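Enquirer: The sequence and its predicted three-dimensional model are supplied below.
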Amino acid sequence: MPALPSPARPEPGAPAPVPRPPGVRLVGLTGGIGSGKSAVAALLRARGIPVFDADQAAREATAPGSPGLAAVVAEFGPDTLLPDGTLDRAAMARRVFADPTARGRLERLLHPRVDAAAAEWLAARAAEGHALCVYEAALVFETGREAWLDGVVAVLADIETRVRRVVARDGVAAEAVRARVAVQLDDAERRRRARWVVVNDGTLAELERRVEVLAGELSFAPSQDGAR
């Protein structure tokens, strides 16, 4: 699990840093579809490290009746809704993965809401006495968030392993999964930009051992210069 340098400069258009209380370190956690990012997050939580789930926050931001959902409908039209009034997430995902411009429009709507939720969550964790928290998101490097994190953990697995996992989990065609993988950041780039790497192409027991090592490293790692 090599510790590699992560750039501190934000990319053009990178979001403003999430406000965090003094003394709280915030580490990113990311990985491509089927990598097992969520499994690593669960194992970190089991070891007492709080993890903010940005993808879940985005789902909550577009819950029925929310301002976020209203903004999405205003931007993309009423055909983004299912008959019950909830967001058609599958159709929206297909749309934005096929159209980078649409993806950018959606991110500009949702990311400020997600980061506001993250700031509130961080304040609550700090009040509980936590000095280390994790920000889990599918898009970290792609959105420039690494610039204000104290390093990023990248979860990696070979493509065929990832495809098998998603096919078994979601019941989708393998080619559909490969198409999703193809438009995501590749693992070589994630490895290059991550401060920590967890390879998850083996058994759960192997992953648990790797996360145990990772948790120890995170607990003692200093804040990264330029992260704030």
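Expert: Perfect, I can see it now. Here the structure is a predicted model, which is why all the values come from computation and not from measurement.
Enquirer: quick one, helices of this protein?
Expert: 37-46, 54-61, 67-76, 89-98, 100-127, 159-170, 174-183, 187-193, 204-220 (DSSP state H).
Enquirer: Those helices: lowest mean pLDDT?
Expert: Sorting the helices of the chain by mean pLDDT places helix 89-98 lowest, at a mean of 84.
Enquirer: For that helix, what is the distance to the chain centroid?
Expert: 17 Å (CA atoms, centre = their mean, to the nearest Å).
Enquirer: now for that helix, which elements pack on it?
Expert: For helix 89-98, the packing partners by 3 or more CB pairs under 8 Å, 6 or more residues apart in numbering; DSSP states H and E come out as helix 67-76, helix 100-127, helix 174-183. Backbone N, C-alpha and C define where each C-beta goes, glycine included.
Enquirer: mind listing what's buried in the last one?
Expert: For helix 174-183, a neighbour-count test (16 or more other CB atoms under 10 Å) marks 177, 180, 181 as buried.
Enquirer: Please apply the same query to stretch 71-90.
Expert: Under 16+ other CB under 10 Å, the buried positions of stretch 71-90 are 71, 72, 73, 76, 80, 81, 87.
Enquirer: ditto for stretch 155-175
Expert: Buried, per 16+ other CB under 10 Å, within stretch 155-175: 155, 156, 157, 161, 162, 163, 165, 166, 167.
Enquirer: what's the distance between the fifth one and residue 177?
Expert: Spelled out, it's residue 162. 7 Å (CB to CB, to the nearest Å).
Enquirer: shared neighbours of these two, which are they?
Expert: Listed as contacting both residue 162 and residue 177 by CB atoms under 8 Å, 6 or more residues apart in numbering are 33, 34.
Enquirer: so how many other residues sit close to the residue nearest to residue 161 when sequence neighbours are not counted?
Expert: When the adjacent residues along the chain are set aside, residue 161 lies closest to residue 201, with 4.8 Å between them (CB to CB, 6 or more residues apart in numbering). Using other CB atoms under 10 Å, residue 201 is surrounded by 14 other residues.
Enquirer: ok, residue 201 - contacts?
Expert: Contacts of residue 201 by CB under 8 Å, 6+ apart are 156, 157, 158, 161.
Enquirer: cool, and residue 51?
Expert: Residue 51 touches 29, 41, 44, 45, 133, 134, 135, 136, counting by CB under 8 Å, 6+ apart.
Enquirer: can you rerun that using 7 Å?
Expert: By CB atoms under 7 Å, 6 or more residues apart in numbering, residue 51 lies in contact with 29, 41, 44, 45, 134, 136.
Enquirer: now the first one, which residues is it bridged with?
Expert: I take that to be residue 29. Beta bridges link residue 29 to residue 136, residue 153, judged by DSSP bridges.
Enquirer: Surely it and residue 37 touch.
Expert: Yes. Assessed by CB atoms under 7 Å, residue 29 is found in contact with residue 37 at 6.3 Å.
Enquirer: Looking only at neighbour counts, state which of those two leads.
Expert: residue 29 (29 against 25).
Enquirer: now that one: how far from residue 144?
Expert: For residue 29, the distance to residue 144 (CB to CB) stands at 16 Å.
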